[in-house]
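1. only geometry, no sequence info:
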């Protein structure tokens with residue numbers, strides 16, 4: 001099978017102006033991937049499926065990933081001459097920058113016809129708030145349908161062109177996205193009107209002040225006392 005670099009070069013020849021980057025994987029598996037820009041992603045997917053050399057006719061897995069913003073520290077080294085005429089000194093300068101967060105979808109593709117793979121594709125959103133849309137690849141590989149719905153349900157990634165984009169695990173009234181790294185589980189749900197037991201203990205760990213904390217559960221003795229006429 002062709003390497004990711006060879007596939008990238010063929011795709012760039014077929015789709016001039018497309019955004020295609022090889023993302024290397026430093027792990028033992030070394031499964032490198034192709035990061036695609038949204039504008040040509042659907043057309044590239046169809047090409048990968050229909051190309052006689054690749055025939056990537058199966059999408060086995062669709063995975064969502066949350067990449068919150070993070071601080072990056074970069075260091076640069078410069079050589080500074082010694083005013084006293086001695087040996088030059090190497091000065092290291094560190095700078096900080098904030099890398100914006102984004103959401104990502106990863107597709108693993110195989111060829112059943114030619115028995116090779118995987119070829120791994122990546123799509124990224126503009127951010128984690130109001131630019132969370134990527135093109136759906138369900139029209140190319142039907143196996144993506146439920147898995148893209150799962151990424152929508154758990155990460156909030158919206159798939160433009162999906163035939164039935166709605167929640168698949170959480171109920172319709174559920175708010176937020178449980179697989180995001182900054183997700184905070186509620187103290188109680190619709191069927192628990194007040195926190196109690198383990199839920200109450202968890203709630204007390206993050207209330208801002210003792211005055212704002214939920215009241216303790218009444219003891220068994222107090223409950224019995226209150227039940228007396």
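-> Alright, I've got the coordinates. Source: prediction; values computed, not measured.
2. centroid residue for this protein?
-> By CA atoms, centre = their mean, the chain has its centre lying nearest to residue 65, at 1.7 Å.
3. Span of stretch 81-97 from start to end?
-> Between the opening and closing residues of stretch 81-97 lies a distance of 28 Å (CA to CA, to the nearest Å).
4. what pLDDT, on average, does stretch 103-119 get?
-> Mean per-residue pLDDT for stretch 103-119: 97.
5. tell me which residues of it are tucked away?
-> 103-111, 117-119 (16 or more other CB atoms under 10 Å). Glycine gets a C-beta too; all of them are placed from N, C-alpha and C.
6. what's the weakest-modelled helix or strand in the protein?
-> The least trusted helix or strand in the chain, going by mean pLDDT, DSSP states H and E, turns out to be helix 220-227, with a mean of 50.
7. My read is that the residue nearest to the centre of the chain contacts residue 103, right?
-> Yes: Residue 65 lies in contact with residue 103 (CB atoms under 8 Å); the separation is 7.0 Å.
8. For the two, list the residues in contact with both.
-> residue 155 (CB atoms under 8 Å, 6 or more residues apart in numbering).
9. How much space separates the residue lying closest to residue 103 once chain neighbours are set aside from residue 12?
-> Nearest residue to residue 103, sequence neighbours excluded (CB to CB, 6 or more residues apart in numbering): residue 125, at 4.4 Å. To residue 12, residue 125 is 23 Å away according to CB to CB, to the nearest Å.
10. do the same with residue 41
-> Residue 41 is 14 Å from residue 12, by CB to CB.
11. quick one, strands of this protein?
-> 20-23, 33-36, 58-67, 70-80, 89-99, 102-111, 116-124, 133-135, 158-160 (DSSP state E).
12. Quick one: list the elements packing against the last one.
-> In this structure, strand 158-160 packs against strand 133-135, helix 144-155, with contacts taken as 3 or more CB pairs under 8 Å, 6 or more residues apart in numbering; DSSP states H and E.
13. Out of these, flag the one nearest residue 52.
-> helix 144-155 (22.5 Å; CB to CB).
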